[in-house]
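**Student:** Show me the folded form of this:
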Amino acid sequence: MRSLCLLLALCSPAASSTSLDLDPPKTDIQFTLHDVLHTVHGTFQLKKGRIHFDPDTGHASGEIVVDVASGASGNDTRDARLHKEILESQRFPEATFTPDHVERKIAAQGQSQIDVHGVFRIHGHDHDLTLHFRVERAGSQVTASTHFVMKNPSNFVLKVDKTVF
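**Tutor:** Numbers count the residues shown, from 1 in each chain. Below you'll find the model as predicted:
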């Protein structure tokens, strides 16, 4: 997997400290994998998620949990290989992001940009990661989107393009 896009539907941030609860049915997690012959698009499902942070200090906590076993690209053969040989979703059924710091603040209304730093755990390994979110706030509803690049899964048989959109 090379590129992962996350669109979050969040609810009811509080005034002084902010808690953002992710709504799994409204959260869209997509991946894009470019190889020599074609581009593969797929999805994952969110299990649960909550981010809590103090806008004054930037301190953050919480967890976003992705159901790795739900990964699907629309091709059963490719998905079976993805789960068995690459993700090993039987051994590692979840990927998590645990935030520890937020830079910048969410505007009272309209668009904002925030950076959320934390640890991304996938396939049994921790990776420091900063997610750059575009946030849209309308009343008590907040929508946020981000994307990031993961390690290139190329091997002798599978060649994947190094450029990611």
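
**Student:** buried ones in stretch 117-125?
**Tutor:** By 16 or more other CB atoms under 10 Å, the buried positions in stretch 117-125 come out as 118, 120-122. (C-beta placed from N, C-alpha, C; glycine too.)

**Student:** Just name the lowest-scoring one in those residues, pLDDT-wise.
**Tutor:** Least confident of the buried residues of stretch 117-125 in the model: Ile122, at 89.

**Student:** Tell me which residues touch it, please.
**Tutor:** Contacts for Ile122 (CB atoms under 8 Å, 6 or more residues apart in numbering) come out as 68, 92, 95, 150.

**Student:** which residues sit in contact with the nearest residue to the second one once chain neighbours are set aside?
**Tutor:** Among residues not flanking Phe92 along the chain, His123 sits closest, at 5.1 Å (CB to CB, 6 or more residues apart in numbering). The neighbours of His123, taking CB under 8 Å, 6+ apart as the test, are 87-88, 92, 95.

**Student:** ok, so of those, who is nearest Gln111?
**Tutor:** Within the contacts of His123, proximity to Gln111 (CB to CB) peaks at Ala95, which comes in at 27.6 Å.

**Student:** Pull out the buried residues from the helix or strand His127 falls within.
**Tutor:** Element membership for His127 (DSSP states H and E) is strand 125-138. With burial defined by 16+ other CB under 10 Å, the residues of strand 125-138 counted as buried are 129, 131, 133, 135-137.

**Student:** Can I get these in TSV including distance to Leu20?
**Tutor:** Below are the buried residues of strand 125-138 laid out as TSV (distance: CB to CB, whole Å):
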residue	distance to Leu20
Leu129	17
Leu131	13
Phe133	10
Val135	9
Glu136	13
Arg137	11
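
**Student:** Run me through the strand neighbours of the strand holding His127, direction for each.
**Tutor:** Looking at strand 125-138 with DSSP bridges, its partner strands are strand 110-122 (antiparallel), strand 141-149 (antiparallel).

**Student:** tell me the mean pLDDT over it?
**Tutor:** The pLDDT scores in strand 125-138 average 91.
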